[in-house]
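Visitor: fold the following, please.
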Amino acid sequence: HLSNHLEYLNVGQNVLRGTLPDAVLSKLTSLTFLSSYYNLHTGTLPALALSRLTNLQTLDLGLCERLQGSVPTVLGTLTNLQFLALEGNVLTGTLPTELGALTDMTYLGLYGNNGIQGTIPSELGALSSLQELRLEDTQLTGEVPSQVCTLVSNGDLNEFYADC
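Guide: Predicted structure coming up:
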């Protein structure tokens with residue numbers, strides 16, 4: 001099967017509509033790159049399917065404008081993930097502390113999700129490879145945790161955007 005060997009899937013900047021196909025995604029277990037940004041997807045992020053993509057290094061579902069629900073905690077189990085772009089959707093809830101387990105993460109973009117609220121988890125300070133953190137245009141409140149500020153002061157985190 002092609003699905004057992006497919007490593008790179010980029011269908012971004014089309015006019016794809018509807019939900020992300022859970023049944024199809026869960027079979028693409030060799031994927032290292034998945035991008036469907038700037039499409040017209042609806043529904044929630046398929047947590048179960050995403051949990052099976054253990055080789056995934058890049059997940060770009062940004063600017064779909066209609067993806068909703070919370071950021072799945074299961075993303076924290078994808079330890080190879082280096083690039084996570086979920087910006088420009090209608091995601092809600094709090095940021096999962098589990099994202100702090102993604103120590104190879106270089107980019108985390110969640111900006112433009114006005115339903116994301118709560119505080120920035122201190123666990124994000126464990127993202128020692130992080131170079132860009134985009135959290136602006138959300139409803140995050142409170143102070144930036146000292147653990148995240150340490151990334152900035154050490155020069156590890158090159159760009160940090162937040163409205164909190």
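Visitor: hmm, who's touching the helix or strand of the chain with the lowest mean pLDDT?
Guide: One helix or strand of the chain scores below all others by mean pLDDT, DSSP states H and E: strand 159-161, with a mean of 80. When contacts are defined by CB atoms under 8 Å, 6 or more residues apart in numbering, strand 159-161 is touched by residues 111, 131-136, 148, 151-152. Any C-beta I mention is one placed from the backbone N, CA and C, and that applies to glycine too.
Visitor: could you pull out the buried residues of that strand?
Guide: Within strand 159-161, the residues that count as buried by 16 or more other CB atoms under 10 Å are Phe160.
Visitor: kindly list the longest helix within the chain.
Guide: Identified as the longest helix of the chain according to DSSP state H is helix 146-153.
Visitor: can you classify the most centrally placed residue in the chain by secondary structure?
Guide: Centroid-nearest residue in the chain, with CA atoms, centre = their mean: Leu84, separated by 3.5 Å. Taken by DSSP: H, G, I helix; E, B strand; the rest coil, the conformation at Leu84 corresponds to strand.
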